Each structure stands twice: as C-alpha cells, then as structure tokens.
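Peer 1: Predicted model and sequence below, questions to follow.
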Amino acid sequence: MTTELSSDVISTLKQELRLYQENMNDVLNNYTDFESLDISAISKDGFKFEGTKKGTSFIDKLRTFFHKKNIDYPTSLWIINKWGGIGSFKDSELNKQRISKFESGLKKRKLSKDLFSVISSLSKIASFMNSEEYFVYDSRVIYSLNWLILKNNIPNAKFFPMPESRSKILTLFDLNTIINLFYMENITNDEYTSKLFFDTKNAYFLYCDLIKELSKELFPDLKPYYLEMLLFVIADNQIFDDLRSTVQLTIKK
C-alpha cells in the first residue's frame, strides 16, 4: 500500500466499515436494483440472465461476463449511459478519444486533468474491464470515504477529490464545503489543494488500492467491488444521517 494513504486513515476506515461485516449482503440486496435496466444491447453479444435484477446476483453475472474482455466503444457507452445512468457522457469524438486515452492511463497509473474530470464515467468502464483491480470512482462512494475520514479528525489526513454529485440528498450538505470550513483556520488558499486532497493524476489509483486493501481484510470471501457498492448505497442513507446528526454550524458575532 502506498505511503500516500496513511496507516491512521486505513485503520480508521477498517474500524468504521467493520460495522458492515455481518450484514453487507443484506444492505446491498436492499438497495441494489437494476430492474429497469435494458440489457438488449449486450444480450446480442451473448449476455444471458434470468430472474430478478435486484441485489448482487445480477451484478456478479454482469461483471463476470465483461471481466477481462476487450470492451468496444458502443459497449463503453452502454456501460456509462445505461448501466451507469450518466446521460451527459455523449457519443462524440472527444469522448471516444477520452476512452482510448483512459486505457493508456490505466497502464501508466496516471491520469490527465481532463480524464479525471469525467472519472465517474470512465471508471465504470475500467470496473467492467477488470473488476478485481478497478472500481467505480463515484461521487457517492467518495462522499462516504471522505466523511468517514473527516468525522474521525485524523491528523494529516488527505481526502479524495470528489466528482460532482447527482444525488439530490448529498447536495443538501456539500462535503467539500464542510471540509473547507473544518480546515479553514489551518490551511491557506495557496496550500489548500496539495495539503488536503490527493492529486487528480493518481487519486483514482490510490482509491483502487484502498478498496482492495480494505476488502481483503474486512470481506475476504467477497469480491472487492462489493465494498465499492456498499460505500455507494450507504452514502444517501447511513452516511447522510450520520453527517446530519453530527455536523453543527456556529456563526460568530
């Protein structure tokens, strides 16, 4: 594990996430639902699934189907637009180039600012290409991680740069603003970004390393992407409730 992820952060996250060791499957099955997902496009490529699309069994089947396959451009768009629900990532020459450059960036473990600006979309492709190495870098997932780090006030902790959220619930309490307020007396504007947040060029890879490390210790019998999904589904629920009951704002007069 890279030294950029401090041992204090890792141990704290392990402690927080141990709460879900006994009921992770229950949580995922309660909140994971893809019944409305149209799979006709990938069915033409051989994907077959019968039964309910709720819970983890459908996701397992889907990821197994794509794992370590060469995913073409139309399928990449299906993953982003249909499965991921990100309609803003349009079929364009720019995005086609981004997908191509992203595959190169994965090999180098380094991403440009432009690629990271659409990491919520691109990481979905990576998570299907190799579901054991790469995971979806979603605003909800990062919201959960950043809150668990912030609430424990870990010395010298760094946070993951968070993509713009599409969750109406999470936008009620912008976590970046809360982090800014928490540290505003200690960090000047000039050193703010480098002191508090990981660089966007390698943040995605640090995140993937973290998911693998936490999953290996806490949920050794489950696929590592289960932890990614857990962080996603608790963001709008347990994490939001925890934040709302914990954060207080005092205005000095």
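Peer 2: Received, thanks.

Peer 1: wait, doesn't L231 sit right on S139?
Peer 2: No: with contacts counted by C-beta atoms under 8 Å, L231 stays clear of S139, the gap being 11.0 Å. Using the backbone N, CA and C atoms, a C-beta is placed for each residue, glycine as well.

Peer 1: Compare neighbour counts for those two and give me the winner.
Peer 2: Higher neighbour count among L231 and S139: L231, with 25 against 20, using other C-beta atoms under 10 Å.

Peer 1: Can you say which helix or strand has that one in it?
Peer 2: Here L231, judged by DSSP states H and E, is contained in helix 225-234.

Peer 1: For that helix, give me every contacting residue.
Peer 2: Helix 225-234 has contacts (C-beta atoms under 8 Å, 6 or more residues apart in numbering) with 17, 20, 24, 27-28, 31-32, 56, 59, 63, 127, 131, 135-136, 138, 140-141, 144-145, 211, 214-215, 218-219.

Peer 1: Just to be sure, which of those are found in helices?
Peer 2: 17, 24, 27-28, 31, 56, 59, 63, 127, 140-141, 144-145, 211, 214-215, 218 (DSSP state H).

Peer 1: okay, and the helix or strand of this protein with the least pLDDT?
Peer 2: For the chain, the helix or strand with the lowest mean confidence is helix 189-196, at a mean of 68 (criterion: mean pLDDT, DSSP states H and E).

Peer 1: quick revisit: go ahead and measure how far the helix holding L231 is from the middle of the chain.
Peer 2: 8 Å (C-alpha atoms, centre = their mean, to the nearest Å).

Peer 1: And stretch 129-142, by the same measure?
Peer 2: 5 Å.

Peer 1: buried set for the following helix or strand past the helix holding L231?
Peer 2: Downstream of helix 225-234, the first helix or strand assigned by DSSP H and E is helix 240-246. Under the neighbour-count criterion of 16 or more other C-beta atoms under 10 Å, helix 240-246 has F240, D242, L243 buried.

Peer 1: For T177, state which of these is nearest.
Peer 2: L243 (12.0 Å; C-beta to C-beta).

Peer 1: Helix, strand, or coil at E50?
Peer 2: Of the three states, E50 takes coil according to DSSP: H, G, I helix; E, B strand; the rest coil.

Peer 1: Phi and psi next, for the spatially most central residue of the chain.
Peer 2: Among the residues of the chain, the one closest to the centroid is Y137, at 3.1 Å (C-alpha atoms, centre = their mean). As for Y137, its main-chain torsions (degrees, to the nearest 10) stand at phi -100, psi 80.
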